[in-house]
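Engineer: coords please:
(2 chains)
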Amino acid sequence: MGAGPAAGGRGARSSPSPWAGRGVACGGEELRWPGPGGGGSRLLLEGVRVPAPLREPARPAGEGRAACEGAGGPLARSSSRFMLGRGLKRKLSDYEENMAGLSSAFDSSRNLPYPLKRQLVLNMCLTKLQTYKMLVEPNLHRSVLIANTVRQIQEEMRQESSQQPINVCNGIAPNPPSYPGIDSSGISLHLPSGSSQQESNCCNSWSAEGPIENSLLMVSDDDMSSAISSILKDLDFMEDISPPTSLVPAGDDEPPKSPENTCLKLEDDRQDLKGAECVFGSFEISNSTSYLKDLAIDDIFEDIDTSMYDSDFCSPPLMAPRPPSAATEETLKTFPSCNSSSTNNIPICRTDLSELDHIMEILVGS
Amino acid sequence: MSLFTHNFSSDDCVGLHHFGETRWQYSTDIISTVEFNHTGELLATGDKGGRVVIFQREQESKNQPHRRGEYNVYSTFQSHEPEFDYLKSLEIEEKINKIRWLPQQNAAYFLLSTNDKTVKLWKVSERDKRPEGYNLKDEDGRLRDPSMITMLRVPVLRPMDLMVEATPRRVFANAHTYHINSISVNSDYETYMSADDLRINLWNFEITNQSFNIVDIKPANMEELTEVITAAEFHPHHCNTFVYSSSKGTIRLCDMRASALCDRHSKFFEEPEDPSNRSFFSEIISSISDVKFSHSGRYIMTRDYLTVKVWDLNMENRPIETYQVHDYLRSKLCSLYENDCIFDKFECVWNGSDSVIMTGSYNNFFRMFDRNTKRDVTLEASRENSKPRAILKPRKVCVGGKRRKDEISVDSLDFSKKILHTAWHPSENIIAVAATNNLYIFQDKVN
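Structural biologist: Now for the predicted structure:
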């Protein structure tokens, strides 16, 4: 049977206590025993939840990270229980606080109107999808679930709007946003080029309900569809650039698939790859564009008339994944100016002006 | 043997009879899978760092009767290492997603372990004897001069200190584009399947460079993707039958005799949605995180976010039993969605006789449901509340209103302490519960 011999013949083992838990494996290898600071600190590294950078490290939010996330005390607070030092609260970013507050408001309040709840959920979904899009390897399962939820809400809204005509707001309310986090992320996902349209009708009718509603971004159906499509497409190309696995069967009477798992490339897959490369190509381009933007393009093209560039820059879609704070700040700054009301004029982007000033200062050396 | 011998009341602490505890502080890494072998003698755990630790049950001995049946470390080895996919610039995690044992056929033990991309077959064998008395070399291994040898002898095997060694015997790689979530050994002991988000592959243990694709739900256009595979398992007795669950809360049973590609199911299990429970998160919480055949092969059990369901294979339109695991979370779904807890994948297990089912929850709670008596109990795996050999006390979560002493309110639950992985001994009432980086082993001690 192969069961070990009786107690005497065991391999190298430390003293067997009733706990029997402080284990030493046979062969002398010792399981590292986390002391109060040891293993705990390792968990801390995993458990500290940083405000999501727009480009996360390769590991998707897997079990390890999730195990240490989540509400410790009241559900509303999303701070991790494993904090640096006992009792010290990690400082939440504004965005996270607002999100946590919103979701707990959703859960606890029965008085929130249904459209508002729906909008809240929709915003959360879109935010998550956008975060996943920034990941090198988004979780397919979660993305699909969230995309389905978005589609479902979208469908509901579509049905409602077909029953009673409602102006769909395509921009942001003129009121100062109460939840800057939501706004910026909602904006930078996908906006139609016509986002500078008048939305005063619709949003004014909401103004009675309070600041929350006014600051929520309402995204049109097409944008959501395209957002979902692009995310799923990205998932596709990322996964498909790999050694081919199997043939696509033509029918049931085909012989069983027996693909080579070596690097044998088949015709279908060559074409697949070509298609994927095209998408991949566009992804790469958008990537590099972001780096270019990073380099304060104004520096390079300083002597060129940048007014055309300014207007392009201010009008969305800002599709390129951009490095963290720069993007957020810029969108925060630019959008209020871009979406200001009833203008057909090319909006002046305040950031660019200040940047130009700054650059001039450096050049002049003052 | 029934587990529960008392009616529950808030004053009565002797709810769960005689479940005592051996606690293991496991390691610095988070346990990601737990599995007993077919006899229950061995318990394997995999962790996030790619290691596998195998525990072996102590033989009963008259000298130390109180140590009957305790599990001690038997072998530890590094199963998977982190890899880097240079083509896609992706890191492949070494975390062990699943371990499945093969039935024992000789002196060695075999198990399959898998991470996101690669399945490995490991052989764990003991060596407690070594040959002595070679003719051509001496005890140190140095070669002898043949001309000096005057007599021949037959080497004899002499006992040595027990050494347990684990060797990788097969590596099944490069067959999955998406992340592997399940592996299942077939009852023919010659094949097994591995399932990722969109495909299921059938392997022969002897062949590592080929696998058959038996399920493929990837749409031609990825934008049309609405459903993924979440778990898959072979029938315990019929080697042609398997089931797989989806993110839409459905289970498909497939017969491999019907066609080579089992995209058309033989049976389709789906429960119609309850309109009164409808919410924005209905679809997300209906996603099945685990599916398990009963030992008898007559039933399947599925776990979704809030419930465990038992299905009769002969009835597709609804489950025969539904158990609420933590229904008090239904009113907190938005918060749980916000902090991603709603995507947690809990597993579920049957006991040996299929009479009790068990699954995990938050706050290091886990739940057991007795299918016959319809009783259920909530227990906690934590070292603060348990002394060695103490009997586990049932816990209760109070939902609003007045909280009795010893009850815990929903808002005080710790959602970072989740029990996703549990295992039940195939024939005895011994359970293994993984709580983050701690492994708890509880035994039902009657007598």
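Engineer: the helices in the stretch 201-350 of chain B, which residues?
Structural biologist: Taking DSSP state H, counting those that start in this stretch as the criterion, the stretch 201-350 of chain B contains helices spanning B:282-286, B:333-338.
Engineer: need the winner for burial among those helices.
Structural biologist: Comparing the helices of the stretch 201-350 of chain B by mean neighbour count (mean count of other CB atoms under 10 Å in any protein chain shown), helix B:333-338 ranks first with a mean of 26. Bear in mind the C-beta positions are built from the backbone N, C-alpha and C, glycine included.
Engineer: check the offset of it from the chain's centre.
Structural biologist: 27 Å (CA atoms, centre = their mean, to the nearest Å).
Engineer: which residues of the stretch 301-447 of chain B lie near chain A?
Structural biologist: B:331-341, B:343-344, B:388-389, B:410-418, B:420, B:436-437 (CB under 8 Å from any CB of the partner chain).
Engineer: quick one: least confident helix or strand in chain B?
Structural biologist: strand B:19-25 (a mean of 57; mean pLDDT, DSSP states H and E).
Engineer: show me the contacts for the closest residue to B:Asn37 other than its chain neighbours.
Structural biologist: What sits nearest to B:Asn37 in space, not counting adjacent residues and going by CB to CB, 6 or more residues apart in numbering or on different chains, is B:Trp101, at 4.0 Å. By CB atoms under 8 Å, 6 or more residues apart in numbering or on different chains, the contact set of B:Trp101 is B:Glu35, B:Phe36, B:Asn37, B:His38, B:Leu42, B:Ala44, B:Tyr109, B:Phe110, B:Leu111, B:Leu112, B:Val185.
Engineer: out of those residues, which are buried?
Structural biologist: Taking 16 or more other CB atoms under 10 Å in any protein chain shown as the criterion, what is buried in the contacts of B:Trp101 is B:Glu35, B:Phe36, B:Asn37, B:Leu42, B:Ala44, B:Tyr109, B:Phe110, B:Leu111, B:Leu112, B:Val185.
Engineer: coming back round to it: output the helices of the stretch 201-350 of chain B in a markdown table; the columns should cover mean pLDDT.
Structural biologist: As requested, the helices of the stretch 201-350 of chain B are exported to a markdown table (pLDDT from 0 to 100):
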| stretch | mean pLDDT |
| --- | --- |
| helix B:282-286 | 95 |
| helix B:333-338 | 94 |
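Engineer: among the ones you listed, which comes closest to A:Glu361?
Structural biologist: helix B:333-338 (43.2 Å; CB to CB).
Engineer: which strands or helices does the closest one pack on?
Structural biologist: Using 3 or more CB pairs under 8 Å, 6 or more residues apart in numbering or on different chains; DSSP states H and E, the elements in contact with helix B:333-338 are helix A:94-108, helix A:114-134.
Engineer: where does the prediction get shaky in chain B?
Structural biologist: Scanning chain B for pLDDT under 70 picks out the ranges B:1-28, B:61-68, B:384-390, B:445-447.
Engineer: tell me which parts of the stretch 101-250 of chain B are close to chain A?
Structural biologist: Going by CB under 8 Å from any CB, the residues of the stretch 101-250 of chain B near chain A are B:104, B:106-109, B:125-126, B:128, B:159, B:161-165, B:173-179, B:197-199, B:201, B:208-213, B:216, B:222-223, B:225-228, B:230, B:247.
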